[in-house]
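# dropping the sequence and predicted coords here.
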Amino acid sequence: NTWARRKNKIEDTVSSSILRLCSTYGVTEACVYQTFGEVWAWDQGIGQNVGKPLRALDVHICDESNQTSLEGVKEGTPGEIVLSGKQLDEYSGYLSRDQLTADKFGNGSQLESDNDIECESYYYRTGDRGYVDSFTGDIHILGRIQGEDGMVKINGVRVELGEIESALIDNILIADCLAVDKDLENDSKQIHVFCVLTHQGLFELELNRAVDSASGILLTSGTLLLLLRLRCKELVRAGVMPSKFIAIKRLPLSPTGKRDRRRLPHLTDCISSDSLNVSAGDSSALPLREYGSSGAIVADHVVRCLNLQPCHQSLLTPTTSFGALGGDSLAATRLVRSLYAYHNGVNDSRRLGGQYGVLEGPFAVSHLLQTKSMGEYVDWLDSHGV
């Protein structure tokens, strides 16, 4: 909003030479755009102002606690954003996902329209939360509904959490799972997947007793972790690989029987699979902080950059790759920049590396991404006097 020009509330005309800041809202399921509005510096409303619906479209605010009806809420009251109009029809839906289509799409004849829409229009439940400003009539977006399965953005890539869950569930090893996005302290995000193993999987991996006694088992190495990563690599788009996999006994449910993300165990309450000394992991490797001259420094920066929990730090060995720790190209850029700042005694800043943030020499991010293990990367830094 600080970019918006200040509008004179009295004058209706403004010079056309002044740049305008506009805002839109919409979802791919309804042809990308549904609203349009102009952002003003004096707008003090809560949430993101996205203006009003486009012609022949409508935006409804419905009771988010009742997923079986489209009951509206009072103007100014937050609720679920439901779209209807000419950009939706009887063929709208998700490919090969009949149940999700039935939950999200439907005939909107019971919706009231203020935008000249035929009463037989179709609707889409977005899972987004918002309200209509009672004074201006503008729509404000407040984010996702708590606990709603939906689309998230990881490293600039949008992905449906359900897409990751569908890739992992096979009813042979994984009976059910729940993917969640976690905000980190460095303004980045990670995806964590909580998996419920089948009885056969628990028996073969010797995890049945551990799952019964622990809040969760953080998979830090071993066959199961490798299998889950390979499955995601084959079926999930690049750039959104889950950073952590946690085995739990069952998914927590709300009083109404829905999966409750808020009751999932915290990582600090989980135990590491390496500590169990079972086939899920092998804890015989030397810790990275005891390897080479710079191993301790690299380990500290990796822990901070990837926000590794204590139970996950046992995976930080010379034989572990940066990717297996949950790292990607953006995290690699943050890590080498942090190491560069530490080595040169300067503050860590995005301005390091010039306009494009590219560091040269031993701190080039390509060296970290191309090494097969963290031990190999430490050897590279040691050999170059870092």
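In hand now; what should we look at?
# residue 269 is in contact with residue 218, correct?
No: using Cβ atoms under 8 Å, residue 218 makes no contact with residue 269, being 9.9 Å away. (Each C-beta comes from the backbone N, C-alpha and C, glycine too.)
# higher neighbour count, these two?
For the pair residue 218 and residue 269, the greater number of neighbours falls to residue 218 (28 against 12), based on other Cβ atoms under 10 Å.
# so residue 328 touches residue 242, yeah?
No: assessed by Cβ under 8 Å, residue 328 is found out of contact with residue 242, at 11.1 Å.
# excluding its backbone neighbours, what's nearest residue 70?
Spatially, and ignoring its direct neighbours in sequence, residue 70 is nearest to residue 62 (5.1 Å; Cβ to Cβ, 6 or more residues apart in numbering).
# low pLDDT regions in the stretch 201-350 of the chain?
Within the stretch 201-350 of the chain, the stretches with pLDDT under 70 are 204, 208, 213, 255-258, 277-285, 311-312, 324.
# helices along that one, start to end?
Secondary structure of the stretch 201-350 of the chain by DSSP state H, counting those that start in this stretch: the helices cover 208-213, 223-235, 295-306, 329-344.
# nearest to residue 122 among those would be which one?
Checking these against residue 122 by Cβ to Cβ gives helix 223-235 as the closest, at 29.8 Å.
# show me what that closest one is packed up against.
Applying 3 or more Cβ pairs under 8 Å, 6 or more residues apart in numbering; DSSP states H and E, one finds that helix 223-235 contacts helix 161-168, strand 244-248.
# list of residues touching the shortest one?
With Cβ atoms under 8 Å, 6 or more residues apart in numbering as the test, strand 244-248 has contacts from 190, 192-197, 207, 211, 215-219, 224-225, 228, 264-265, 267, 270, 273, 312, 326.
# residues of it that come out buried?
Using 16 or more other Cβ atoms under 10 Å as the test for burial, strand 244-248 gives 244-248.
# out of the residues you listed, which one sits closest to residue 289?
residue 244 (20.4 Å).
# mind listing the residues bridging to the closest one?
Legend: beta-bridge partners of residue 244 under DSSP bridges are residue 192.
# got any ranges where the stretch 1-150 of the chain has weak pLDDT?
1-17, 44-45, 109-120, 146-150.
# quick one, strands of it?
With DSSP state E, counting those that start in this stretch as the criterion, the stretch 1-150 of the chain has strands at 22-25, 35-38, 48-49, 52-53, 57-62, 79-85, 105-107, 122-132, 139-144.
# can you put those in TSV and add distance to residue 342 and mean neighbour count?
Shown next, in TSV, are these (distance: least, Cβ to Cβ, whole Å; neighbours: other Cβ atoms under 10 Å):
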stretch	distance to residue 342	mean neighbour count
strand 22-25	40	16
strand 35-38	45	18
strand 48-49	37	20
strand 52-53	51	21
strand 57-62	49	22
strand 79-85	45	25
strand 105-107	52	18
strand 122-132	41	22
strand 139-144	36	18
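# so which of those comes closest to residue 154?
Evaluated with Cβ to Cβ, the strands of the stretch 1-150 of the chain place strand 139-144 nearest to residue 154, the distance being 14.1 Å.
# how far away from the center of its chain is the closest one?
Centre-to-centre, strand 139-144 and its host chain are 17 Å apart (Cα atoms, centre = their mean, to the nearest Å).
# then stretch 125-143?
With Cα atoms, centre = their mean as the basis, stretch 125-143 stands 22 Å off its chain's centre.
# what's the answer for stretch 36-54, then?
Distance, centroid of stretch 36-54 to centroid of chain: 25 Å (Cα atoms, centre = their mean).
# partner strands of the strand or helix carrying residue 179, parallel or antiparallel?
Counting by DSSP states H and E, the element that carries residue 179 is strand 174-183. In the sheet, strand 174-183 lines up against strand 189-197 (antiparallel) (DSSP bridges).
# now do the partner strand, average pLDDT.
Averaging pLDDT along strand 189-197 gives 89.
# buried residues in that strand, which are they?
190-197.
# mind putting the buried residues of strand 244-248 into TSV with distance to residue 127?
Converted to TSV, the buried residues of strand 244-248 look like this (distance: Cβ to Cβ, whole Å):
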residue	distance to residue 127
244	24
245	24
246	24
247	27
248	24
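# out of those residues, who's nearest residue 292?
residue 244 (26.1 Å).
# how close does that closest one get to residue 216?
According to Cβ to Cβ, to the nearest Å, residue 244 stands 10 Å off from residue 216.
# help me confirm that residue 233 comes into contact with residue 239.
No: using Cβ under 8 Å, residue 233 is not in contact with residue 239, being 11.3 Å away.
# overlap in contacts, those two.
With Cβ under 8 Å, 6+ apart, residue 233 and residue 239 have no common neighbours.
# re the thing from before, which one of the strands of the stretch 1-150 of the chain lies nearest to residue 179?
If you check each of the strands of the stretch 1-150 of the chain against residue 179 by Cβ to Cβ, strand 139-144 wins as the nearest, at 13.6 Å.
# just the angle between the closest one and strand 79-85, please?
120 degrees (axes from the mean of the first three to the mean of the last three Cα atoms, to 10 degrees).
# which strands or helices does strand 139-144 pack on?
When contacts are defined as 3+ Cβ pairs under 8 Å, 6+ apart, strand 139-144 packs onto strand 48-49, strand 122-132.
# of these, which is nearest residue 348?
strand 48-49 (30.0 Å).
# ok, for residue 359, nearest residue in space, not its chain neighbours?
residue 353 is the one closest to residue 359 (Cβ to Cβ, 6+ apart), at 4.6 Å.
# quick one, what contacts the one you found?
For residue 353, the contacting residues are 337, 340, 359, by Cβ under 8 Å, 6+ apart.
# so residue 320 makes contact with residue 373?
Yes: taking Cβ under 8 Å as the definition, residue 320 is a contact partner of residue 373 at 6.3 Å.
# who has more neighbours out of these two?
residue 320 (19 against 16).
# grab the nearest non-local neighbour of the more buried one.
residue 374 (5.6 Å).
# and residue 361, how many neighbours does it have?
With other Cβ under 10 Å as criterion, residue 361 counts 9.
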